[in-house]
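K.L.:
Sequence plus the predicted model coming up.
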Amino acid sequence: MGHDEVGCEARGGVLLDNRLSDRWRQTWIGAVRSINRALPVLLVGTVSLVVPFVLHGAVMRATTLRPALETTLTLFSLSAAWLLRAHFVASRRLRDLLLVGVALAMGLINLFLNALPAALDIGGGGYLPAASLCGQLFVAGIFAAAAAVPIEKLVAQPDTSARVGLLVGFASLAGAALSGLLIKSLGLHISARGGGAGEAVLVILVTGTTALLAYAAAGLTRQSLRRPDRVLPLLATAALLLAGAALSRLTVRSLPSGEVGTGTAMRVLGAAVLLIAAVVLERRVRSRAARAAALAERRRVARDLHDGIAQDLAFIAAHGEQMASEMGEEHPLVVAARRALAVSRSTISDLADPAGATASEALDAVAHELRDRFDVAIAVHTQADTHLPSAAREHVSRIAREAIANAARHGQARNILVSLRRGEGGVALRVVDDGCGIPVGDRGTTPEGFGLRSIRERAGAMGGHLTVRRAPQGGTELEVTVP
């Protein structure tokens, strides 16, 4: 074996070792980052589940403190429901709708079963504690459903969904009230260390509530490890605090009027963290809307420049050869005309597609522009890892613009949902509306007008394909898949 072959083998071994070392290093760094993101939630979970047993005898006696805390909890929950509703209108995610139900149900249940009775000094016997426990179980179930729903699951009709959110909140309140009546009619006294069937029912309710909230916290934490998002740990923290509050009922009897235990404090903290998460989401919606408005305005200015001064400069430059032959190539007027045309085109390009703009911002700008023009509700949802080059981003924006315009003009749609996600076949752009639906011919074919032909040509230019069909809930569903 020659020296060159030995040297090649040595270099190959070194490169392989370096590649393996880099892979292990990246894996180790990723694991450390995941642990750092999950560590605060794990600490909160540990404290929330341990504190009820460590401080089981900690009770504060204050006549006005409990009504104040219960009222604060109610205000936190209802404020979070209002802010989450605004976020749902913008995102159209089923998870956000369920989170609205969580906050609304928690606020209504606490208002009628805790805050008002505490303020009016109504004992209620064993009914109110039983109904409150059942209400916590319903809230935990909605929270677990929100954590289990895929983040990509969207809702096309926001008006109906808003009514569903209200129905979930009031149905939880009604279910809690009826469950409390049922427990009272059976003669069960819900109390820790009370013995008998009442204690067994208490253990079942508390265990179910704690298990559902722990499941929700675990699911949200696992998702935050895969997709970093500071809202997910906040939601997981709120779930764990509510789980600890429910668990505290196993360690103390029902507190009489004027007494506050660790469970009440943890419920207030859980509602406060939920409100913080709602504020973060609402600020995110406002920031996204501001960026979309700015990009839409830049594009409007670019169109005005293109249709105005750029056309005049192009006309002047078209006669550049004649001007150059008459006045010379270096004549100031000829040079100025060419320079002005080049600068205007560069400015138009920068305004229409600024550096750093993402596909999400481009679609948001299209939605912001067409929302007022056609008086329709448009929601945009894009995955965080969906990055497109400038040319593809422009094609996708124009396809979305044409699809929204078709849905509003010809389909009489009132709600339009635009989503961009990355799948196995590539990047998929879907536009779903609730209009009258696309017509189908006698042979089952779909007639295509200029708009659909333009969309199909743009999709073909990117190597993709177009699919148009009636949506299951009515309206039209258009999907463009690009490899």
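P.N.:
Yep, that arrived.

K.L.:
Alpha carbons only: can I get stretch 75-85 in CSV?
P.N.:
Taking Å, rounded to 0.1, in the frame of the first residue of the first chain, the C-alpha atoms of stretch 75-85 are listed here in CSV:
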residue,chain,number,x,y,z
LEU,A,75,-61.6,38.0,36.6
PHE,A,76,-58.4,36.4,35.5
SER,A,77,-60.3,33.5,33.9
LEU,A,78,-62.8,35.6,32.0
SER,A,79,-60.1,38.0,30.9
ALA,A,80,-58.1,35.1,29.6
ALA,A,81,-61.2,33.8,27.8
TRP,A,82,-61.7,37.1,26.0
LEU,A,83,-58.1,37.4,24.9
LEU,A,84,-58.0,33.7,23.8
ARG,A,85,-61.1,34.4,21.8
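
K.L.:
tell me which residues in it are buried?
P.N.:
Leu75, Phe76, Ser77, Leu78, Ser79, Ala80, Ala81, Leu83, Leu84, Arg85 (16 or more other Cβ atoms under 10 Å). Placement of C-beta: from N, CA and C, glycine included.

K.L.:
And for stretch 459-473?
P.N.:
Those would be Ala459, Met462, Gly464, Leu466, Val468, Ala471, for stretch 459-473 by 16+ other Cβ under 10 Å.

K.L.:
quick one: which of the residues you listed is nearest Ala216?
P.N.:
Ala471 (30.7 Å; Cβ to Cβ).

K.L.:
Just list the residues touching Ile142, thanks.
P.N.:
Residues counted as contacts of Ile142 (Cβ atoms under 8 Å, 6 or more residues apart in numbering) are Leu98, Gly101, Val102, Ala105, Val168, Ser172.

K.L.:
Quickly find the element holding it.
P.N.:
helix 127-148 (DSSP states H and E).

K.L.:
and that helix, what's its mean pLDDT?
P.N.:
In this model, helix 127-148 has an average pLDDT of 91.

K.L.:
Helix or strand next in line after it, which one?
P.N.:
helix 158-185.

K.L.:
How about that following helix, which residues are buried there?
P.N.:
For helix 158-185, using 16+ other Cβ under 10 Å, the buried residues are 158, 161-162, 164-166, 168-169, 172-173, 175-177, 179-180, 183-184.

K.L.:
now stretch 208-227
P.N.:
Buried-residue list, stretch 208-227, by 16+ other Cβ under 10 Å: 208-210, 212-221, 223-225.

K.L.:
repeat for stretch 112-123
P.N.:
Within stretch 112-123, the residues that qualify as buried are Phe112, Leu113, Asn114, Ala115, Pro117, Ala118, counting by 16+ other Cβ under 10 Å.

K.L.:
which residues are contacting that stretch?
P.N.:
So stretch 112-123 is in contact with 66-67, 70-71, 73-74, 124, 128, 131-132, 135, 173, 176-177, 180, 256-257, going by Cβ under 8 Å, 6+ apart.

K.L.:
Can you select the buried ones from these in ChimeraX?
P.N.:
In ChimeraX, this line selects whichever of the contacts of stretch 112-123 come out buried by 16+ other Cβ under 10 Å:
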select :66,67,70,71,73,74,128,131,132,135,173,176,177,180
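
K.L.:
Endpoints of stretch 411-430, how far apart?
P.N.:
Taking Cα to Cα, to the nearest Å as the measure, stretch 411-430 stretches 16 Å from start to finish.

K.L.:
Correction: the previous question concerned stretch 406-420.
P.N.:
19 Å.

K.L.:
Doesn't Val418 belong to a helix?
P.N.:
No - looking at Val418 with DSSP: H, G, I helix; E, B strand; the rest coil, it is strand, so not inside a helix.

K.L.:
I'd like to know which elements whichever strand or helix holds Leu108 is packed against.
P.N.:
Using DSSP H and E, Leu108 maps to helix 94-110. Contacts defined by 3 or more Cβ pairs under 8 Å, 6 or more residues apart in numbering; DSSP states H and E place helix 94-110 against helix 65-91, helix 127-148, helix 158-185, helix 262-307.

K.L.:
about what we covered before: which parts of the helix holding Ile142 count as buried, going by neighbours?
P.N.:
For helix 127-148, by 16+ other Cβ under 10 Å, it's 127-147.

K.L.:
picking up where we left off before, looking at the buried residues of stretch 459-473, which gets the smallest pLDDT?
P.N.:
Out of the buried residues of stretch 459-473, that is Ala471, at 73.
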